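S.K.: Build the 3D model from these lines:
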Amino acid sequence: MIDPYDILKIIPAPTSGPFEPSWSSLKNYRVPGWFTDSKLGIFIHWGVYSVPAYGSEWYPRHMYMPSRPEYDFHISNFGAHRDFGYKDFIPMFTADEWDPDGWAKLFEDSGARFVVLVAEHHDGYALWDSRYTRWCSSRIGPRRDIVRELKDAVERRGLVFGVSYHRAEHWWFFEPGTRIDSDVGDPRYMDLYGPAKPASTDPRAPPGPDNIPPDDDFLRDWLLRIVEVVEKYKPSLVYFDWWIANPAFEPYLKAFAAYYYNRSGSWGIEPVIVYKHGAFPEGAAIPDLAERGSITELRSSPWLADTSVDYRSWGYIKDAEYKSAESIVWHMIDVVSKNGVFLLNIGPRCDGVIPEEQRRILSDIGGWLRIYGEAVYGVGTWRVYGEGPSRLARGGFFTERSIGFMEGDVRYTMRDAYPTGRMIYAVTPVTSTGSKTINLRSLARNLRLIDEDEEIIDVELIGSREKPVWSYGDEGLRIEISTPSLEGIIASRILVRRSRDTR
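M.R.: Numbering: from 1, shown residues only. As a prediction, the model looks like this:
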């Protein structure tokens, strides 16, 4: 395996600093406060795949697979694959209605604190002005540097900017096109479609004739492109999809992380790398532990979960199945209660317009956070993440359709409020109008999750003038609510003070 110190030598930028390209050195990384306090980010899958707007953002691969519905859809709507291939969608990706400042305002209003743009998906089309490919947004398609324009717009709003980079999967993404009569085999377009090698989508599957690992030429190119993004745009976050867990990437990941952490430090940036499938060791970067789901236990170190507003796709499709804003809010709260950060994806249309339903979802989330945000932003975890009748999906994992959203479910967060006390937040769904009782069983006296020298001194309903009647005993903390219109997801503020300091 190539030495990561040798890989550093091919990076055309300074690489010196406290981090060395070794896991032992990279485990000295410290997660920045801006990330752990932010709790909510916006993920954006926007690219050429939004032109056909069918199936999912994997249309560029599936359109070349006769077993897939995208194959027949493509022939019916665009013709034979040899005459009209994926490359022919690129001029149709116009972004002619795109307003980056309008996007940034929408993201700010949604309550998000950072924005992550997929700068290159598996399809090999780059959304920045790249010296390494002619297949980029500044040269073909919109003829705009999308990364630059969006970074500038969101940072003017005080949001943190990051990029997601999925080129690792490009090694094999267009391989189905080599098996049929298509433009993928045309040498004129190899710089877009290639390498198109046979490989397993499981990054750790053993090598073989049908699973060829990426070679050093591809890996060097993979590295140089993401270094170019870092040098040109200085992102505070770099997100990688799962296939970097292929062992061939390991020395390149070490080299990139050392370079990126050192380079960011020299710029005064507090960097974040997000990874999947154990591609980094614990402590060297931030794990994305739950795509379209959540974990089942409270975690001591920070992590990330990502999901989309659409159940069916990450990129824009015409027949999207959108989630309710309320279900997304509960998913976010579940993640935050377990020490996670929530990344919510949208998929704009090819002209740059964010569909109205997606805009409404983001607006509704922002409205909820304007009332209850103190239970989300900058909070820590309590001794338990929650309680309630939720049931785990098969495999002990919460999926986006099984995350608890029933009356009786509770998620807790906590904030140190003053030297002698703290606030515990209890976030609960209320699904019926009229007078109601919330019973927080985790706060029962006999469970002793409240220390003996602590005392609950007050309970308040965030965003309400009502002063609830409450009682504290061995069955739990009971909160009586009489406001007839109070329903949805609400949050209670529980003030705890050390008893010897209570007056």
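
S.K.: Every contact and neighbour count from this point should use C-alpha atoms.
M.R.: Noted.

S.K.: Domain ranges for the protein, per the record?
M.R.: 4-374, 407-501 (automatic domain parsing).

S.K.: Show me what the mean pLDDT comes to for the last one.
M.R.: Model confidence over domain 407-501 averages 87 on the pLDDT scale.

S.K.: The longest one too?
M.R.: Averaged across domain 4-374, the pLDDT comes to 98.

S.K.: Quick one: end-to-end length of that domain, please.
M.R.: Domain 4-374 stretches 44 Å from its first residue to its last (CA to CA, to the nearest Å).

S.K.: wait, isn't Val469 in contact with Glu480?
M.R.: Yes: assessed by CA atoms under 8 Å, Val469 is found in contact with Glu480 at 5.2 Å.

S.K.: name the element the spatially closest residue to Asp458 that is not a sequence neighbour belongs to?
M.R.: For Asp458, ignoring the flanking residues on the chain, the nearest one in space by CA to CA, 6 or more residues apart in numbering is Leu495 at 5.3 Å. According to DSSP states H and E, Leu495 maps onto strand 488-498.

S.K.: Show me what that strand is packed against.
M.R.: With contacts taken as 3 or more CA pairs under 8 Å, 6 or more residues apart in numbering; DSSP states H and E, strand 488-498 sits against helix 325-337, strand 421-430, strand 454-461.

S.K.: and it, which residues are buried?
M.R.: 489-498 (16 or more other CA atoms under 10 Å).

S.K.: want to try a markdown table for these, with distance to Asp191 as columns?
M.R.: Formatted as a markdown table, the buried residues of strand 488-498 follow (distance: CA to CA, whole Å):
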| residue | distance to Asp191 |
| --- | --- |
| Ile489 | 50 |
| Ile490 | 53 |
| Ala491 | 53 |
| Ser492 | 56 |
| Arg493 | 57 |
| Ile494 | 59 |
| Leu495 | 61 |
| Val496 | 62 |
| Arg497 | 64 |
| Arg498 | 66 |
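
S.K.: For Val329, state which of the residues you listed is nearest.
M.R.: For those, the residue nearest Val329 by CA to CA is Ile489; the value is 8.1 Å.

S.K.: list the contacts for the residue nearest to that closest one when sequence neighbours are not counted?
M.R.: Nearest in space to Ile489, with sequence neighbours left out and distances taken as CA to CA, 6+ apart, is Pro429 at 4.2 Å. Taking CA atoms under 8 Å, 6 or more residues apart in numbering as the criterion, Pro429 is in contact with 405-410, 487-490.

S.K.: Apply 6 Å and report the result again.
M.R.: Pro429 is in contact with 407, 488-489, counting by CA atoms under 6 Å, 6 or more residues apart in numbering.

S.K.: Please apply the same query to Asp109.
M.R.: Gly366.

S.K.: Kindly report the same for Glu460.
M.R.: Contacts of Glu460 by CA under 6 Å, 6+ apart are 492-493.

S.K.: again, only using 7 Å
M.R.: 467-468, 492-494 (CA atoms under 7 Å, 6 or more residues apart in numbering).

S.K.: likewise Ile450?
M.R.: Leu443.

S.K.: Okay, it and Asp474: tell me how far apart.
M.R.: Taken as CA to CA, the span from Ile450 to Asp474 is 12 Å.

S.K.: Quick check: bridge partners of Gly473?
M.R.: Beta-bridge pairing of Gly473 under DSSP bridges involves Gly476.

S.K.: Test my guess that it contacts Arg445.
M.R.: Yes: counting by CA atoms under 7 Å, Gly473 touches Arg445, with 5.5 Å between them.

S.K.: higher neighbour count, these two?
M.R.: Arg445 (17 against 12; other CA atoms under 10 Å).

S.K.: Walking through the protein, point out its helices one by one.
M.R.: Per DSSP state H, the chain carries helices over the ranges 4-8, 23-26, 33-38, 59-62, 69-78, 100-109, 146-156, 170-173, 190-193, 216-233, 250-267, 325-337, 356-372.

S.K.: Does the first one pack against any helices or strands, and if so which?
M.R.: In terms of contacts (3 or more CA pairs under 7 Å, 6 or more residues apart in numbering; DSSP states H and E), helix 4-8 is packed against helix 250-267.
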